[in-house]
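> Structural data only, the sequence is not supplied:
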DNA sequence: GGTGAGACCCAAGAAATACTTATGGCATGG
DNA sequence: CCATGCCATAAGTATTTCTTGGGTCTCACC
């Protein structure tokens, strides 16, 4: 009862109606005449009524045929529209990418990449949602984002046994490194010439301002390697807040270059620290998402932006 | 490009979207899982983009998938509507019959049959068009009528060689006979008792009023058989006009019983004439029109009306 | 932490459908 | 009156479609 109508036959019937004859429809389809004739016969048998009257010069639609043709046209229109829509998506005339990125990337490389993508494919729409890496991965897992820009400190997750992904089905590819820099008050005694590296061991007695959970872990690890335990006094994810505290002499801290590219407070000095491992930048997306043209294009734009950026390794 | 989208696959995709998984769609369709999987694979290959993301618990639609689902729903709705419409036509809840009939039938048996059909199938709509037999057949041949009620004088066409139909593709089935009666002025000397037949030979000296071309031919033939040539003074197709002339004594004439059933003028007398051949009533329709349920029902209603009518042979 | 269940894929064979070839009827038109 | 065009049927072939029988991966449950 419900959609027992064979849509393929319906389209063949439409050809018959357009051509005005069975033989004409066969020519239009590149088939032989009996092929079309059989389709019509089966369609009429299922319909329970004649759809056409066989006339000497071709066929003439019955009332049932006229009604069926109406539906056939609607179906053909929809199929055509579906093909057009898919074509627009695959050729990037349309498409939406829901992108999740952490704040310092959202303020630097992401806008640059979005701009690049917009030049290449004006129809593709990127919707950015700011999220720290764990939340971003959660959005991907929940299907609420298509692509995420994340980072991790150290070349590899320290606590994760390799082979066991935190979220299965997601692929994470490194796309660059973001050096971690020392941020001091401008008046700090160690704030010598800008191009002079600072030894971490000389900062064992400082008060520290820590960032997010994983950044703090990275800081503690670096200090352990340098032979001391940092005196962490304040904690904030926000690199503007961090620098405000530092500028007032309330401590010193480590910030990645992306954060400093986004914003550097006038009252702070930035120095390199030899041996301090950079954080790695990743693109994360569901395993099959690179089969989505818009996502693939967004990935490419992000990679191209990172390659041309000075901080890419 | 245009409707390269396989509608069958589109419906399978719709099942996947509804079930939320490929295996679920397979269960809903009564298929195995790989069957559905292959449909999806081919659909995605043609689309050029992923339509779903394979997740552990099933699949999730991509943007392209959501758009395609929208079209799939529209197609499914149309197919269902098409099936419903055809079902209504085959079960005579709907339908239209364009009926052509000559005037005296249109005034008698046709309204009765339409009434009967209306009782049996209230949804079926009959559109009557009054037409003399030759015109009615022309309407059928032109596809402007579905069914015609016609008549012919004599058991067979006198001038037609048998086997050569006047309009190929039309079938003509006799459904009854309509006696031809003598109509006289009430004051006419031959207007004796109503049940007394009148011999045609006694009317050789009368003035005659003839009807249509074929009716006139029939009159001349009958008179020839009776041994005289009628003195035809007036001619009209209209049985009301004919009777008005007769009532005023301007002549006498022959009229079929259906015409007199429709209307008998007060000033005329009606008598039987032995040996006068009746006219035959026919139903005519395109050869395959009996495969149209509404036409078949209309034919049946007309036959049933004629069987129950007193003048049916 | 194995282990079973559920969801997916691939490859190859079986079943069903779709199309072609071959032939004949019927109506039209030079 | 024969040639042409349109349609139907029947049987054979070919292609599509579905199943069978492998395998991987993740999750949930002992």
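Ah, there it is. What you are looking at is a predicted structure, and each value in this text was computed from that prediction instead of being measured.
> And the residue nearest to residue A:55 when sequence neighbours are not counted, how close does it get to residue A:37?
Setting aside the residues directly before and after it, residue A:55 is nearest to residue B:169 in space (C-beta to C-beta, 6 or more residues apart in numbering or on different chains), at 6.6 Å. C-beta: built from backbone N, CA, C; applies to glycine. Per C-beta to C-beta, to the nearest Å, residue B:169 is found 18 Å from residue A:37.
> Contacts only, for residue A:58.
A:19-24 (C-beta atoms under 8 Å, 6 or more residues apart in numbering or on different chains).
> residue ranges with poor pLDDT in chain A?
Counting by pLDDT under 70, chain A contains low-confidence ranges at A:1-3, A:154-166, A:309-313.
> And the helices in it, which stretches?
Along chain A, counting by DSSP state H, helices occupy A:7-19, A:22-29, A:33-47, A:63-90, A:103-106, A:109-120, A:133-141, A:213-226, A:239-247, A:257-262, A:293-308.
> returning to what we had before: my read is that the residue nearest to residue A:55 contacts residue B:286, right?
Yes: here residue B:169 reaches residue B:286: they are 5.8 Å apart, a contact under C-beta atoms under 8 Å.
> Counting neighbours, go ahead and name the busier of those two.
residue B:286 (25 against 16; other C-beta atoms under 10 Å in any protein chain shown).
> Test my guess that that one contacts residue B:170.
Yes: because the distance of 6.0 Å satisfies C-beta under 8 Å, residue B:286 is recorded as touching residue B:170.
> Identify the contacts common to the two.
Counting by C-beta under 8 Å, 6+ apart, the contacts common to residue B:286 and residue B:170 are residue B:140.
> quick revisit: list the residues that contact the residue nearest to residue A:55.
A:54-56, B:141, B:286-287.
> Would you write a ChimeraX line that selects the buried entries of those?
Typed into ChimeraX, the next command selects the buried ones out of the contacts of residue B:169 (criterion: 16 or more other C-beta atoms under 10 Å in any protein chain shown):
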select /A:55 /B:141,286
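> TSV for the helices of chain A, including distance to chain B?
Putting the helices of chain A into TSV (distance: least, C-beta to the nearest C-beta, whole Å) gives the following:
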stretch	distance to chain B
helix A:7-19	4
helix A:22-29	12
helix A:33-47	5
helix A:63-90	4
helix A:103-106	22
helix A:109-120	16
helix A:133-141	9
helix A:213-226	26
helix A:239-247	33
helix A:257-262	29
helix A:293-308	6
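> Can you report how many residues neighbour the residue nearest to residue A:81 when sequence neighbours are not counted?
Nearest residue to residue A:81, sequence neighbours excluded (C-beta to C-beta, 6+ apart): residue B:71, at 6.2 Å. By other C-beta under 10 Å, 25 other residues sit near residue B:71.
> Was I right to think residue B:71 contacts residue B:11?
No: with contact defined as C-beta under 8 Å, residue B:71 does not count as touching residue B:11 (10.9 Å).
> hmm, back to that, can you redo the helices of chain A as JSON lines with distance to residue B:79?
Formatted as JSON lines, the helices of chain A follow (distance: least, C-beta to C-beta, whole Å):
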{"stretch": "helix A:7-19", "distance to residue B:79": "6"}
{"stretch": "helix A:22-29", "distance to residue B:79": "20"}
{"stretch": "helix A:33-47", "distance to residue B:79": "12"}
{"stretch": "helix A:63-90", "distance to residue B:79": "7"}
{"stretch": "helix A:103-106", "distance to residue B:79": "47"}
{"stretch": "helix A:109-120", "distance to residue B:79": "39"}
{"stretch": "helix A:133-141", "distance to residue B:79": "37"}
{"stretch": "helix A:213-226", "distance to residue B:79": "54"}
{"stretch": "helix A:239-247", "distance to residue B:79": "58"}
{"stretch": "helix A:257-262", "distance to residue B:79": "54"}
{"stretch": "helix A:293-308", "distance to residue B:79": "30"}
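> Please name whichever of these is nearest to DNA strand C.
Of all the helices of chain A, it is helix A:33-47 that lies closest to DNA strand C, at 3.5 Å by C-beta to the nearest atom of the strand.
> neighbours around residue A:266, how many?
7.
> separation between it and chain B?
Residue A:266 sits 44 Å away from chain B, going by C-beta to the nearest C-beta, to the nearest Å.
> could you list every residue that touches the closest residue to that residue other than its chain neighbours?
With C-beta to C-beta, 6+ apart as the criterion, residue A:266 has its nearest non-adjacent residue at 7.5 Å, and that residue is residue A:247. Residues near residue A:247 by C-beta under 8 Å, 6+ apart: A:185-186, A:265-268.
> What residues does the stretch 1-150 of chain A have near DNA strand C?
Within the stretch 1-150 of chain A, the positions adjacent to DNA strand C are A:6, A:8, A:26, A:30-35, A:38-39, A:42, A:56-57 by C-beta under 7 Å from any atom of the strand.
> quick one, domains of chain A?
A:7-90, A:96-177+A:280-308, A:180-277 (automatic domain parsing).
> From the chain's centroid, how far away is the longest one?
Just to be clear, that refers to domain A:96-177+A:280-308. How far domain A:96-177+A:280-308 lies from its chain's middle: 6 Å, per C-alpha atoms, centre = their mean, to the nearest Å.
> May I see the buried residues of stretch A:248-260?
Those would be A:251-260, for stretch A:248-260 by 16+ other C-beta under 10 Å.
> before we move on, what about stretch A:197-204?
A:198, A:200, A:203.
> just checking, residue A:108 touches residue A:258?
Yes: checked against C-beta under 8 Å, the pair residue A:108 and residue A:258 is within contact range at 5.2 Å.
> got a list of what the residue in the stretch 101-250 of chain A that DNA strand D sits nearest to touches?
In the stretch 101-250 of chain A, the residue that lies nearest DNA strand D is residue A:168 (3.5 Å; C-beta to the nearest atom of the strand). Counting by C-beta under 8 Å, 6+ apart, residue A:168 touches residue B:56.
> Check whether residue A:133 really touches residue A:151, as I assumed.
Yes: with contact defined as C-beta under 8 Å, residue A:133 counts as touching residue A:151 (6.2 Å).
> Now tabulate the contacts of residue A:58 in TSV and tack on neighbour count.
Below are the contacts of residue A:58 laid out as TSV (neighbours: other C-beta atoms under 10 Å in any protein chain shown):
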residue	neighbour count
A:19	18
A:20	16
A:21	19
A:22	23
A:23	16
A:24	17
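> Now do the strands in the stretch 151-300 of chain A.
Applying DSSP state E, counting those that start in this stretch to the stretch 151-300 of chain A gives strands spanning A:170-178, A:180-185, A:207-210, A:231-235, A:252-256, A:268-271, A:279-286.
> List the buried residues for the longest one?
Spelled out, it's strand A:170-178. By 16+ other C-beta under 10 Å, the buried positions in strand A:170-178 come out as A:170, A:172, A:175-178.
> rewinding a little: what's the closest of the contacts of residue B:169 to DNA strand C?
residue A:56 (3.8 Å).
> Show me what from chain A comes close to DNA strand D.
Near DNA strand D, when you scan chain A using C-beta under 7 Å from any atom of the strand, you find A:21-24, A:33-34, A:37-38, A:40-41, A:54, A:56-59, A:165, A:168-169.
> show me what contacts the residue nearest to residue A:171 when sequence neighbours are not counted?
Spatial nearest neighbour of residue A:171, excluding adjacent residues (C-beta to C-beta, 6+ apart): residue A:287 at 5.2 Å. By C-beta under 8 Å, 6+ apart, residue A:287 lies in contact with A:169-171, B:54.
> swap in residue A:69?
Going by C-beta under 8 Å, 6+ apart, residue A:69 touches A:13-14, A:17, A:61.
> Show the end-to-end separation of stretch A:132-150, please.
7 Å (C-alpha to C-alpha, to the nearest Å).
> make that stretch A:268-284, sorry
33 Å.
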